[in-house]
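Visitor: dropping a prediction and its sequence here:
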Amino acid sequence: MQSAPYSTESNLVLRVKDLKKSVVLKTGSSVSAKKEIDLVSGVSFELGQRETLGVVGESGSGKTTLLRALAMIAPPSSGRVELNGNVIFDNGKVQKFRRGQVQMIFQDPDSSLNPTMKVKSIVAEPLVPMKLGKEEVRDRVDHALENVGIGEGLVEKYPTQLSGGQKQRVSIARALAPSPSLLLLDEPTSALDAAVQSQVLNLLRDLQSKLNLAFIFVTHNIFVARYMSNRIAVFYSGQIKELGPAEKVLIEPLHPYTSTLMAAFPIPDPNARNILKSEIIGEAPSIINPPTGCTFHPRCLYVENKCLTEVPELRNIGGDRYTACHFAEEIASGNKSVTRAGPTVEISPTQSKDQISGLP
Ligand code: SF4
């Protein structure tokens with residue numbers, strides 16, 4: 001079980017303690033042939049107002065499952081979730097939870113916006129369960145659209161009449177209408193072209209500051225994660241492998257998995273350590289039969305016997321940095337040699353800034 005890793009100084013919005021999401025899969029033809037599979041396990045963190053936790057990791061690492069669990073779309077299996085000081089999930093059950101408090105924004109607005117509804121109806125949709133008067137609904141819709149820069153000329157349009165950027169702005173307006181305190185953003189700009197992506201990212205940052213929102217921002221793009229996040233959680237096999245301030249995690253990764261992830265996205269920062277980073281080897285682990293001990297051990301260049309049998313806890317290794325590796329200190333200080341041959345790549349700290357395509 002991973003420990004609660006972080007306490008924020010700002011006003012606390014979200015506290016997640018030992019969250020687990022599991023599913024039961026049939027493993028054979030008999031009725032009893034079933035196995036419980038953990039999609040996300042032992043996840044703990046806290047999040048404050050105006051704070052963004054970036055969540056990075058490969059496909060299938062549990063990032064979207066975490067968001068869906070926190071939105072109570074597919075509630076957790078166990079653990080505890082507090083929102084603004086109120087328990088919304090505990091003892092295996094959803095407690096007092098108003099869906100509008102937590103809103104999710106999806107990657108592809110084409111599939112998340114109903115093509116048969118006009119913009120104004122789409123934005124008003126999440127207000128229906130709140131049973132508000134007509135005037136308040138109209139005010140909230142107008143205000144949300146104004147906040148995202150969608151003018152009156154578009155409110156009677158259908159999604160198919162909008163550009164990709166306009167559609168995602170409508171998605172954001174719909175999320176804002178019920179006045180949430182937490183936005184869960186699942187790759188919200190990856191379907192947009194670079195120039196529009198930059199505009200939407202800046203809009204989100206402005207809205208966060210203006211409305212005191214907390215964000216959890218899932219992305220495959222390390223540069224986007226760096227631009228948007230205060231802290232970053234690195235996900236692997238449904239667990240947090242590293243957690244800490246975005247700059248530190250990305251420029252001086254502590255966990256071998258973070259290093260391999262970063263090898264695909266060299267950070268163009270003159271302060272980045274010019275270390276030899278390994279390219280990731282092998283396949284992502286099976287969720288049905290995950291590796292024993294450290295789930296990264298089949299791919300880790302530093303693996304030791306201990307890693308095959310003992311699960312590394314997410315632990316504080318100084319300051320505000322947390323990692324789940326038995327040998328993090330030795331690896332970071334250069335005092336541990338690789339124990340397995342693998343492909344490597346030299347990372348230069350002087351990459352061109354042009355590599356951050358689409359970002360300001
Ligand atoms: Fe690698 Fe062992 Fe650390 Fe896991 S615990 S990341 S296998 S060195």
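Guide: Looks like it arrived, so ask away.

Visitor: pLDDT of the longest helix seen in the chain, averaged?
Guide: The residue-count maximum for a helix in the chain (DSSP state H) belongs to helix 194-211. Averaging pLDDT along helix 194-211 yields 94.

Visitor: what does stretch 241-253 give?
Guide: Rounded mean pLDDT across stretch 241-253 is 94.

Visitor: straight-line length of that stretch, end to end?
Guide: 11 Å (Cα to Cα, to the nearest Å).

Visitor: is any part of that stretch close to the ligand?
Guide: No. For stretch 241-253, no contact with the ligand is found by Cβ under 6 Å from any ligand atom; the gap never falls below 7.4 Å. Bear in mind the C-beta positions are built from the backbone N, C-alpha and C, glycine included.

Visitor: could you tell me which residues of the protein lie near the ligand?
Guide: Residues of the chain found near the ligand, taking Cβ under 6 Å from any ligand atom as the criterion, are 255-256, 294, 296-297, 300, 302-303, 307, 312, 325-327.

Visitor: out of those residues, which sit inside helices?
Guide: Filtering those for helices - DSSP H - leaves Pro256, Cys307.

Visitor: the ligand versus Ala177, what's the distance?
Guide: Distance of Ala177 to the ligand, computed by Cβ to the nearest ligand atom, to the nearest Å: 43 Å.

Visitor: ok, and the closest non-adjacent residue to that residue?
Guide: Closest residue to Ala177 apart from its sequence neighbours, by Cβ to Cβ, 6 or more residues apart in numbering: Ala144 at 4.5 Å.

Visitor: that neighbour: neighbouring residues, count only.
Guide: When neighbours are counted by other Cβ atoms under 10 Å, Ala144 registers 24.

Visitor: now swap in Ser181 and tell me
Guide: By the criterion of other Cβ under 10 Å, Ser181 has 19 neighbours.

Visitor: quick one: it and the ligand, what's the gap?
Guide: Look at Ser181 and the ligand: by Cβ to the nearest ligand atom, they are 35 Å apart.

Visitor: ditto for Val13
Guide: 31 Å.

Visitor: pLDDT below threshold where in the stretch 251-360 of the chain?
Guide: For the stretch 251-360 of the chain, the stretches with pLDDT under 70 are 264-281, 341-360.

Visitor: where along the stretch 201-350 of the chain do the helices fall?
Guide: 222-228, 246-251, 256-263, 305-309, 328-332 (DSSP state H, counting those that start in this stretch).

Visitor: out of those, which one sits most buried?
Guide: Burial of the helices of the stretch 201-350 of the chain is given as mean neighbour count (mean count of other Cβ atoms under 10 Å); helix 256-263 ranks first at a mean of 24.

Visitor: just to revisit the earlier point, wait, the residue nearest to Ala177 sits on Ser179?
Guide: No. Contact criterion Cβ atoms under 8 Å: Ala144 and Ser179 do not qualify, at 9.2 Å.

Visitor: and the nearest residue to Ile331 once chain neighbours are set aside, how close does it get to Thr323?
Guide: With sequence-adjacent residues excluded and distances taken as Cβ to Cβ, 6+ apart, Ile331 is closest to Tyr302, at 5.7 Å. Noted for Tyr302: a distance of 13 Å to Thr323, by Cβ to Cβ, to the nearest Å.

Visitor: without its sequence neighbours, what residue ends up closest to Val102?
Guide: Excluding its sequence neighbours, the residue lying closest to Val102 (Cβ to Cβ, 6+ apart) is Leu182, at 4.7 Å.

Visitor: and for the one you found, the neighbour number?
Guide: Neighbourhood size, Leu182 [other Cβ under 10 Å]: 20.

Visitor: ok, it touching Gln101?
Guide: Yes. With contact defined as Cβ under 8 Å, Leu182 counts as touching Gln101 (6.9 Å).

Visitor: if we can go back for a sec, more neighbours: which of Tyr302 and Thr323?
Guide: Of the pair Tyr302 and Thr323, Thr323 is the one with more neighbours under other Cβ under 10 Å, namely 29 against 21.
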